[in-house]
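Participant: sharing a model that was predicted from the sequence below.
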Amino acid sequence: MNREIILSSMAWVVSAAVSLAASVPTNLKSTPIVNSLGLSLNEYSLSWKTDKGQTAYRILVASDPQKLSSGTGNLWDSGRRHSPDSSRIPCLGKSFQEGEKAWWKVQVWNNDGAKSEFSEPALIQVPNSQQPKRNRVILLGDSLISRMEKFGYFETAVTIRWPHHDIAFRNLGWPGDDVFGTARAEFKDGRNTRAWEPGPSNGIGYQILMQQVRDSKARTIIVGY
């Protein structure tokens, strides 16, 4: 009789432990994120399926399957993050290079505080777009843009938002300028600068403006007049 009680108790403990364990995430997907500034940053959001009751997750992203298998997320280790979300999670680790392959997996915690095993690994394949590797942003305009050189709030905000990416900035603002580059022709235009009127689109100022834009080889142009 005692033996039956012991065996029954052991079976109950095993059953309870199994019921407490979180289910292993499945159906892992990675989706490219369209950058709001038009930059090419090779960003991805990650999604998976799991039973209801997820309260936290941990994501590992590695440059090869061996590192991932050993529990090393050399590209990103999110750590335990308290969140019920399991879709459109931004991958915030090191930037992916053109044509690069990366592998990731995820584990979750449930309402009972129990964690699952890690999921099966999934592949992230970054396409090779043959685009310039560096993201150049130019600021083009009149005094509004020119005065931004003294502060740098915009540049700081972008760098903080995408800290692992190579983003360069150049300010092409000119005090008192217009879309024809009238003030930009200050040193090459023989007119009386105190009585300038907007020049034609084929004038020297406009030519200077367009040449500066071409020389910058920018991926994104932010205009402010």
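Facilitator: All right, it came through fine. Since the model is a prediction, treat every value here as computed from it, not as a measurement. Numbers count the residues shown, from 1 in each chain.
Participant: could you point out which element follows the least confident helix or strand in the chain by mean pLDDT?
Facilitator: Ranked by mean pLDDT, DSSP states H and E, the weakest helix or strand in the chain is helix 2-20, scoring a mean of 48. Next helix or strand after helix 2-20 toward the C-terminus (DSSP states H and E): strand 26-32.
Participant: so what touches that next one?
Facilitator: Identification of contacts with strand 26-32 by C-beta atoms under 8 Å, 6 or more residues apart in numbering yields 42-50, 88, 91, 104-106, 119-120, 122-124. Any C-beta I mention is one placed from the backbone N, CA and C, and that applies to glycine too.
Participant: pull out the buried residues from the residues you listed.
Facilitator: Buried members of the contacts of strand 26-32, scored by 16 or more other C-beta atoms under 10 Å, are 42-44, 46-48, 50, 91, 104-106, 119, 122, 124.
Participant: show me the helices in this protein, by range?
Facilitator: With helices called from DSSP state H, the chain shows them at 2-20, 65-69, 143-146, 153-161, 204-216.
Participant: how close does residue 72 sit to residue 65?
Facilitator: Taking C-beta to C-beta, to the nearest Å as the measure, residue 72 falls 11 Å from residue 65.
Participant: which residues touch the residue nearest to residue 71 when sequence neighbours are not counted?
Facilitator: If the residues on either side of it in the chain are set aside, residue 71 comes closest to residue 60, at 7.0 Å by C-beta to C-beta, 6 or more residues apart in numbering. By C-beta under 8 Å, 6+ apart, the contact list for residue 60 reads 68, 71-73, 76-78, 104-106, 118.
Participant: for the protein, what spans make up the strands?
Facilitator: Assigned by DSSP state E, the strands in the chain fall at 26-32, 44-49, 56-62, 76-77, 81-82, 89-90, 101-109, 122-125, 135-141, 167-173, 220-224.
Participant: what would these look like in CSV with mean pLDDT and distance to residue 179?
Facilitator: Below are the strands of the chain laid out as CSV (pLDDT from 0 to 100; distance: least, C-beta to C-beta, whole Å):
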stretch, mean pLDDT, distance to residue 179
strand 26-32, 96, 34
strand 44-49, 96, 37
strand 56-62, 97, 45
strand 76-77, 96, 43
strand 81-82, 96, 47
strand 89-90, 95, 36
strand 101-109, 97, 43
strand 122-125, 96, 42
strand 135-141, 95, 9
strand 167-173, 94, 13
strand 220-224, 94, 9
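Participant: and these as CSV, adding distance to residue 212?
Facilitator: What follows is the strands of the chain, written out as CSV (distance: least, C-beta to C-beta, whole Å):
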stretch, distance to residue 212
strand 26-32, 32
strand 44-49, 34
strand 56-62, 40
strand 76-77, 38
strand 81-82, 44
strand 89-90, 34
strand 101-109, 38
strand 122-125, 38
strand 135-141, 8
strand 167-173, 5
strand 220-224, 11
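Participant: tell me what the residue nearest to residue 71 is bridged to.
Facilitator: residue 77, residue 105 (DSSP bridges).
Participant: what's the distance between it and residue 118?
Facilitator: Residue 60 sits at a distance of 7 Å from residue 118 (criterion: C-beta to C-beta).
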